[in-house]
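Enquirer: using only what follows, build the 3D model:
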Amino acid sequence: GPNPSHLQWDFNHPASSPWNQAVISQLMCLLVDMRQNWTVETRSDKYWTGKIKQKFARIKRCVDRAKPRVHDDLSVEMNAEVAARLANHKDETLMKARRDMQRRTEAKGDDDIVAWRFLHSVITKLGSDGMSSEDSDSEDTETIFCTHMLPWRRDIVKELNLIDQQRLQDSSIF
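Expert: Now for the predicted structure:
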């Protein structure tokens, strides 16, 4: 079976093959050990096995896509041809993602107004000192408590930076 210290998938066979099942079993043993330190909601072993199989399937598709193909004249693709085909596939995938995103953005319509209203309410609640903690004129000696970024807490730094950038581009709207 697979060496636990150097696990390798068998991409020539499906996830259900005995070798790949042994790799999944080894990964599940490692996962059980890791989960003891997790503080997030626990999931079943069936859930994690399914996630591992999904990951295997995605990697297998990439590996299969990167294999040289045979041309109609029975010649095998050269490395440069494989690289060009993969680059073309990546470009097509990214172009499709941009088109899909544009369609979703166009379909939203008035969602921008809702988002800007929300951001306006955030800024109003934060007040004039809520955006920047770095600018401080006074030399206070009081205790400052630092908050930890916890995974379940909403991070709005991106939204606040968007407001700052928009203000710099067109200050007349503020």
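
Enquirer: longest helix in this structure, please.
Expert: helix 79-108 (DSSP state H).

Enquirer: list the buried residues of that one.
Expert: Neighbour-count burial for helix 79-108 flags residue 82 (criterion: 16 or more other CB atoms under 10 Å). For the C-beta atoms, the positions are set from N, CA and C on the backbone; glycine is no exception.

Enquirer: relative to helix 79-108, how tilted is the helix or strand following that helix?
Expert: Elements were assigned by DSSP states H and E; along the chain past helix 79-108, the next helix or strand is helix 111-126. On the basis of axes from the mean of the first three to the mean of the last three CA atoms, to 10 degrees, helix 111-126 is oriented at 80 degrees to helix 79-108.

Enquirer: any buried residues in helix 111-126, and which?
Expert: Across helix 111-126, burial judged by 16+ other CB under 10 Å covers 119, 123.

Enquirer: could I get that helix in CSV with only the CA atoms?
Expert: The C-alpha trace of helix 111-126 is given here as CSV (Å, rounded to 0.1, in the frame of the first residue of the first chain):
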residue,chain,number,x,y,z
ASP,A,111,-28.0,46.3,-5.9
ASP,A,112,-25.3,49.0,-6.1
ILE,A,113,-27.6,51.5,-4.5
VAL,A,114,-28.4,49.0,-1.7
ALA,A,115,-24.7,48.3,-1.2
TRP,A,116,-23.8,52.1,-1.1
ARG,A,117,-26.6,52.7,1.4
PHE,A,118,-25.2,50.0,3.6
LEU,A,119,-21.7,51.4,3.4
HIS,A,120,-23.1,54.8,4.2
SER,A,121,-24.7,53.5,7.3
VAL,A,122,-21.5,51.8,8.3
ILE,A,123,-19.5,55.0,7.9
THR,A,124,-22.2,56.9,9.8
LYS,A,125,-22.1,54.5,12.7
LEU,A,126,-18.3,54.5,12.8
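
Enquirer: which elements pack onto that helix?
Expert: Helix 111-126 makes packing contacts with helix 157-169 when contacts are defined by 3 or more CB pairs under 8 Å, 6 or more residues apart in numbering; DSSP states H and E.

Enquirer: try it again at 10 Å.
Expert: Helices and strands touching helix 111-126, by 3 or more CB pairs under 10 Å, 6 or more residues apart in numbering; DSSP states H and E, are helix 79-108, helix 157-169.

Enquirer: worst average pLDDT in those?
Expert: With a mean of 76, helix 157-169 has the lowest mean pLDDT of those.

Enquirer: any idea how far residue 85 is from residue 127?
Expert: Going from residue 85 to residue 127 by CB to CB, to the nearest Å gives 55 Å.
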